[in-house]
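1. output the structure for:
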Amino acid sequence: AEQGCLDSMHNVAVLHAEGKGVKRNERKAASILLSNAQNGCKESERLAALCYIEARGVKRDEEGGLSKYMNATGVSEAQAQFEIGQRFVNGDGWLRTPNVERGI
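-> Numbering: from 1, shown residues only. Model (predicted):
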């Protein structure tokens, strides 16, 4: 990861976000994801988008997060909103606790 491998840096960010093997640090995770996204890692950009939507390590920016999510996944705005809504309803990924009110 220290040599700049995008996949490795992405994995390090996820470890920091989830607190696996390291102290949980959402701010550091978001920083790594954003940097990795700027270097072309679409999966990091997708997770960075979710950081903005959920205010995980960064200031909440739902519009910016939606835009980043659409760019990372290549889906339309309607599809991106559906996929993000599904994450809220199902409690997927970092959104471990379902939040039906936010998902609808």
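
2. list the buried residues in stretch 34-47.
-> Leu34, Ser35, Asn36, Ala37, Cys41, Glu43, Ser44, Glu45, Arg46, Leu47 (16 or more other CB atoms under 10 Å). To be clear about C-beta, it is placed using only N, CA and C from the backbone, and glycine gets the same treatment.

3. want to throw those into CSV with secondary structure?
-> Converted to CSV, the buried residues of stretch 34-47 look like this (DSSP: H, G, I helix; E, B strand; the rest coil):
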residue, secondary structure
Leu34, helix
Ser35, helix
Asn36, helix
Ala37, helix
Cys41, coil
Glu43, helix
Ser44, helix
Glu45, helix
Arg46, helix
Leu47, helix
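
4. could you identify the pair within those residues that is furthest apart?
-> Ser35 and Arg46 (14.7 Å; CB to CB).

5. tell me, how many residues neighbour Ala78?
-> Ala78: 9 surrounding residues under other CB atoms under 10 Å.

6. which element is it on?
-> Assigned by DSSP states H and E, Ala78 belongs to helix 77-90.

7. cool, Arg56 as well?
-> Using DSSP H and E, no element contains Arg56; it sits outside every helix and strand.

8. could you measure from it over to Gly74?
-> Distance of Arg56 to Gly74, given as CB to CB, to the nearest Å: 23 Å.
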